[in-house]
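**Q** Just need the structure, nothing else, for what follows:
(one chain, ligands or ions: 1)
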Amino acid sequence: MSGAWKILISDPLHPEAVAWLQRQPGASVVVRSEISPEDLLQTIADYDALIVRSRTKVTAGVIAAGRRLKVIGRAGTGLDNIDLEAAQRARITVLNAPGANANAVAELTLGLMIALARDLPQAMQAAKAGTKIKGYGSELMGKTLGVIGYGRIGRRVAHVALALDMRVLAYDILKPEPLEPGVELVSLAELCSRSDWVSLHIPLTPETRHFVSARLLEQFKVGAFLINTARAEIVDEEAVLEALQQGRLRGYATDVISENSALLGHPRVLVLPHIGASTEEAQRRAGMEIVERVWQALLDHQDL
Ligand code: 3PG
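**A** This next block holds a predicted model:
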C-alpha cells in the first residue's frame, strides 16, 4: 500500500489514464485541465506530482513553488515547456512518453504534404462555392523528402513516405540506428539542396531555435516545400515568409505557429492548431504510459 500521493493533472489527459491513476490505492488525483498559470503557482505546493501536456508551462517559478514536487510527467514527447535545469536542481524526476504519439504526428505530416501538394484547402472552398480551382497539383511519388531529425517521429515519417514511393534523405546530429532500408543519411547541406520536401522533426532547445534560418533556406532547392509539425520557434518565421515571397519556398504547412505570425496571411501557408498528437490512439497511449511511469516513480520514491 502506497502513501497518500497528491497528483495534479493540469492539461487534458485521456480519460482512461485519469481513471487508472484514480484507481491506485493512496492516489489523490486532481484534474484541472485549464488551470491558469497564476492558479498553478498558487496551488502547486500541495502536490507530489504534476502531469502536463504542452499547454502548461512548468517554469522555474512553478518548480520553486512546488516544495513537495517529486515527479513531473509529460504525456507526450516535447519537454520544451518544462524548465529542465530547474527541475534537475530541485531533484525532481521528469518523465515523458516519447514515441507514444509518433505515428499520429507522422500521419499528420503526410496529410499536410498531400494538402499542400494538391491545394486541398482551396479546393474544398471552391467545391463549397460550386467552382473549380485552376492549374494542377503535384504528386509525392518520385519526389525527394528530406527528414531533419531522425528520431521516432522522423523515422515513422520516412517509413510512410517510402510507401508512397518517395526518395527519403535523413539528417540527424546523432548517428541514427538502425536506418530504415531505403533511407539515405546525408549532411544538412546535401539534404537541403536535394529535397523537394523538407520536414522538421527536431526538439526545441536553445540550440535549435531558428534552426531554419535565412541562411539555411538559401540552401534549399528553388520551389521546395517545408513542413513543420515540431515547434514554431524552430523556424525563423520572417525568413520563411521571405522565402515564400521570393518563390524559393513553394509552400509551408505547419501544425505550430507563433501568435500573430505574419505567415498567417500568406496564401501558400497552411496552418493547423497543434493537433499532431491529438488522436484517440496517441492520447490513450501517451496518457497510459505517463500515468504508469509517474505512479511507479512515486512508489520508488517511497522506497527510498
Ligand atoms: C509533443 O511534444 O508530444 C507534441 O507536440 C504534442 O503535444 P500535446 O500533447 O500538447 O498535444
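
**Q** Go ahead and confirm A106 touches G151.
**A** No - contact criterion C-beta atoms under 8 Å: A106 and G151 do not qualify, at 11.1 Å. Bear in mind the C-beta positions are built from the backbone N, C-alpha and C, glycine included.

**Q** higher neighbour count, these two?
**A** Between A106 and G151, counted using other C-beta atoms under 10 Å, A106 has the larger neighbour count: 24 against 18.

**Q** burial of the residue nearest to T59 when sequence neighbours are not counted, as a residue count?
**A** Spatial nearest neighbour of T59, excluding adjacent residues (C-beta to C-beta, 6 or more residues apart in numbering): D83 at 5.6 Å. Neighbourhood size, D83 [other C-beta under 10 Å]: 21.

**Q** and what of the one 3 residues further on?
**A** As a burial measure, A86 scores 16 neighbours (other C-beta under 10 Å).

**Q** got a list of what it touches?
**A** Applying C-beta atoms under 8 Å, 6 or more residues apart in numbering to A86 gives the contacts 59-60, 63-64.

**Q** Dump the residues you listed to TSV, plus pLDDT, distance to V240 and neighbour count.
**A** Putting the contacts of A86 into TSV (pLDDT from 0 to 100; distance: C-beta to C-beta, whole Å; neighbours: other C-beta atoms under 10 Å) gives the following:
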residue	pLDDT	distance to V240	neighbour count
T59	98	28	16
A60	98	31	13
I63	98	33	23
A64	98	36	16
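
**Q** if we take the residues you listed, which one ends up nearest to T254?
**A** Taking C-beta to C-beta as the measure, T254 lies nearest T59 of those, at 25.2 Å.

**Q** Would you map the helices across the stretch 51-200 of the chain?
**A** With DSSP state H, counting those that start in this stretch, the ranges of helices along the stretch 51-200 of the chain come out as 60-65, 84-89, 102-117, 120-128, 152-163, 188-194.
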